[in-house]
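Asker: Only the shape, not the letters, is given here:
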């Protein structure tokens, strides 16, 4: 009996000391949408932060996908059980900006005594996420852009040693590859992000009125009046001639898989896939990335940033915000950028991070060589109204309408014009509904 | 004397049903009420205000051609899967009930598909039917146009229907077999002695006696096909190609959770609920009358 009492007392004492010990560290949560290798990379960043100091402890939890991270954060916020930090992808930015659910990034850092050099962010990245006053409300985190991936071996067979610079040259190359006996010169997955958004930006073409939506919620989707229609016509013709093959999850192999195993010789994909291609490629396959082709006779403009940014949500204690600020300060350091970019294919978001990585010789070595072109692509020109980004409401639905239209066009169910016109019409209905939902709200 | 426990007090009865009432209220009436409210307003995803718009959301939903197409599609899916699942379930159950060779083994195997969770089944079928990589790809190599669910909407629809029916045939099989085995052997034996063949016995003795099970499965299959199609569509086609497999419930998910159009999705789920109520009502009103429970 007595020994039992002592044991209980000892346990209690132990529990008291451990909780006292852990109470010293302020705990807070971050929800993110990355999984697999990218997800573990994020968790390693969190662990490095925890190991770097003793005052705070961040717990990073994957929610399975960008969509889920956003949905779960919304549900949790409505139930007042939200995490301190949530990762929100590019298309979810506008809903948050219009809400009162977040603590602005600048205010958070200032309140907690950190000084952030906002002009250090790569302009194409900071402009995308900034509000109309140029203020960043969230921290750009994992960032990427679209690149052209090309198979050097196949190009050597047709006597080429460089990637095509224009779309015209691209189609010529595809023809030559076909003639040389390649079954699948180019893999394509109806990628709206690459073929519509990035194509329009790099050629300085609008996709919507009002500066792609940055100047007001009354913007209208307008891709049916631009050269986007022409590029889809060219793609359709190339598809009919067997130069472009559709590769999606549903056909059995994604574009990245089809490119990695050398079945297809070109693809347009995110720089974030650079690591995946390197790890899964057919042995000894020679390949590289290049900036996206542009239209002949045009001037190259910057491509758009893709990926996600980190938002701080309201309803947390001052201590938790201190921890969040410390975390943001930690990931803004150049060596944190080096770590994350080495682990993944994502690019550094600050110029100082990029310079640091260059100085370390990161981009000279084989597995990472070529990734500097992503930064070059983002910095290809000064930001214009058409290359700043896209700020349209219900953009997830709009992307889907366009993708559905492309599927119908390539299945010969509708003509190129019909398909794009109807997608634009349906998208504008989405935009008007969004405008009404936020009736009376000014775009910040 | 026989001992019997009775409760004189009504409040104890209320206490016993309270947990159930609480559950039904929390998980049915409350969310339904919230959805009803959202359906008449424009709800902002992150909160912070919603505006009363009356019937606007419903008007918008009904003015959308894509929505009507998704209703038609859901009805076709419900009809096809109910027919296939119940048909195959019944066929297999009758065969097993007759005690044909190896029936014990088959009886176990036929139940398995129902134990497979829908997303896993969908993943397997996606692989089997993938035009470039699956088992089917070898069969259609010479004529790729023959099978391509990634681009052809009809093919995708067939693929989803087959996958769903495969799983639900097992469910129907369990119920049909149980019902068939509940029929007294003496009835079957008597008719056999009177010279009735197998098919005759099925038609005149067994089927009439299992009509209550038949009716139960009909109602359940139709209702379930509207809701349970979700995970299969989500894994196999994402509602594509070009909305060809976008059923009502998938559209609600996409518009609401991914598109963040909470009000439009709420209006759609109210419509779906009414459609379910009407369908079930008609089945009870017009089919159940012809069923004899005895």
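Answerer: Good, I have the coordinates. Everything numeric here is computed off the predicted structure, so don't read it as measured data. Residues are numbered from 1 along each chain as shown, chains lettered A, B, ... in the order given.

Asker: any idea how far residue A:335 lies from residue B:149?
Answerer: Using Cβ to Cβ, to the nearest Å, residue A:335 is found at 48 Å from residue B:149. For every residue, glycine as well, the C-beta is placed using N, CA and C.

Asker: quick one, which of those two is more surrounded?
Answerer: Ranked by neighbour count (other Cβ atoms under 10 Å in any protein chain shown), residue A:335 and residue B:149 place residue B:149 first, with 27 against 13.

Asker: Secondary structure element holding the more buried one?
Answerer: Counting by DSSP states H and E, no helix or strand carries residue B:149.

Asker: show me the contacts for residue B:239.
Answerer: Contacts for residue B:239 were tallied using Cβ atoms under 8 Å, 6 or more residues apart in numbering or on different chains; they are B:233, B:245-247, B:250-251, B:254.

Asker: Now the closest residue to chain A within chain B. Nearest residue, chain neighbours left out?
Answerer: Across chain B, no residue is closer to chain A than residue B:133, which sits at 2.8 Å (Cβ to the nearest Cβ). Leaving out its chain neighbours, the residue that sits closest to residue B:133 by Cβ to Cβ, 6 or more residues apart in numbering or on different chains is residue A:252, at 2.8 Å.

Asker: cool, and residue A:111?
Answerer: residue A:321 is the one closest to residue A:111 (Cβ to Cβ, 6+ apart), at 7.1 Å.

Asker: now the one you found: how far from residue A:273?
Answerer: Using Cβ to Cβ, residue A:321 is found at 35 Å from residue A:273.

Asker: Which strand or helix spans the residue nearest to the spatial centre of chain A?
Answerer: Taking Cα atoms, centre = their mean, the centroid of chain A lies closest to residue A:307, which sits 1.5 Å from it. Using DSSP H and E, residue A:307 maps to strand A:306-313.

Asker: Residue B:75 too?
Answerer: Assigned by DSSP H and E, residue B:75 falls within helix B:65-97.

Asker: Break chain A down into its structural domains.
Answerer: Domain segmentation of chain A under automatic domain parsing yields A:24-144+A:305-364, A:147-303+A:393-437.

Asker: Any chance you could list what contacts stretch B:57-72?
Answerer: Contacting residues not belonging to stretch B:57-72 are listed as A:426, A:429, A:433, B:39-40, B:42, B:243, B:246-248, B:250-251, B:263-264, B:266-268, B:270-271, B:275 [Cβ under 8 Å, 6+ apart].

Asker: In PyMOL, select just the buried ones from those.
Answerer: Entered in PyMOL, the line below selects the buried ones among these, by 16 or more other Cβ atoms under 10 Å in any protein chain shown:
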select buried, (chain A and resi 426+429+433) or (chain B and resi 39+40+42+243+246+247+248+250+251+263+264+266+267+268+270+271)
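
Asker: Nearest to residue A:314 among the contacts of residue B:239?
Answerer: Proximity of these to residue A:314 was ranked by Cβ to Cβ; the top entry is residue B:254 with 28.2 Å.

Asker: so residue B:250, which of the three states?
Answerer: helix (DSSP: H, G, I helix; E, B strand; the rest coil).

Asker: how close does it get to residue B:22?
Answerer: 31 Å.

Asker: where does chain A come near chain B, residue by residue?
Answerer: Applying Cβ under 8 Å from any Cβ of the partner chain, one finds that chain A approaches chain B through A:67, A:70-71, A:74, A:77-78, A:92, A:95-96, A:98-101, A:246-248, A:250-253, A:394, A:396-397, A:400, A:404-405, A:407-408, A:410-411, A:413, A:426, A:429-430, A:433, A:436-439.

Asker: Select from those residues every entry located in helices.
Answerer: A:67, A:70-71, A:74, A:77-78, A:95-96, A:396-397, A:400, A:404-405, A:407-408, A:410, A:426, A:429-430, A:433, A:436-437 (DSSP state H).

Asker: List only buried entries from those residues.
Answerer: Among these, those classed as buried by 16+ other Cβ under 10 Å are A:67, A:70-71, A:74, A:77, A:95-96, A:396-397, A:400, A:404-405, A:407-408, A:410, A:426, A:429-430, A:433, A:436-437.

Asker: Where does the prediction get shaky in the stretch 1-150 of chain B?
Answerer: B:1-8 (pLDDT under 70).

Asker: And the helices in it?
Answerer: Using DSSP state H, counting those that start in this stretch, the helices of the stretch 1-150 of chain B run over B:10-24, B:30-39, B:56-62, B:65-97, B:103-115, B:118-129, B:135-139.

Asker: about what we covered before: list the contacts of the strand holding residue A:307.
Answerer: A:30, A:32-33, A:66, A:73, A:77, A:82-90, A:93, A:96, A:101-103, A:105, A:108, A:129, A:137-146, A:193, A:270, A:272, A:321, A:324, A:328, A:346.

Asker: Can you list phi and psi of the closest residue to chain B within the stretch 151-300 of chain A for me?
Answerer: Residue nearest to chain B within the stretch 151-300 of chain A: residue A:252 (2.8 Å; Cβ to the nearest Cβ). When quoted as degrees, to the nearest 10, the phi and psi of residue A:252 stand at phi 120, psi -20.
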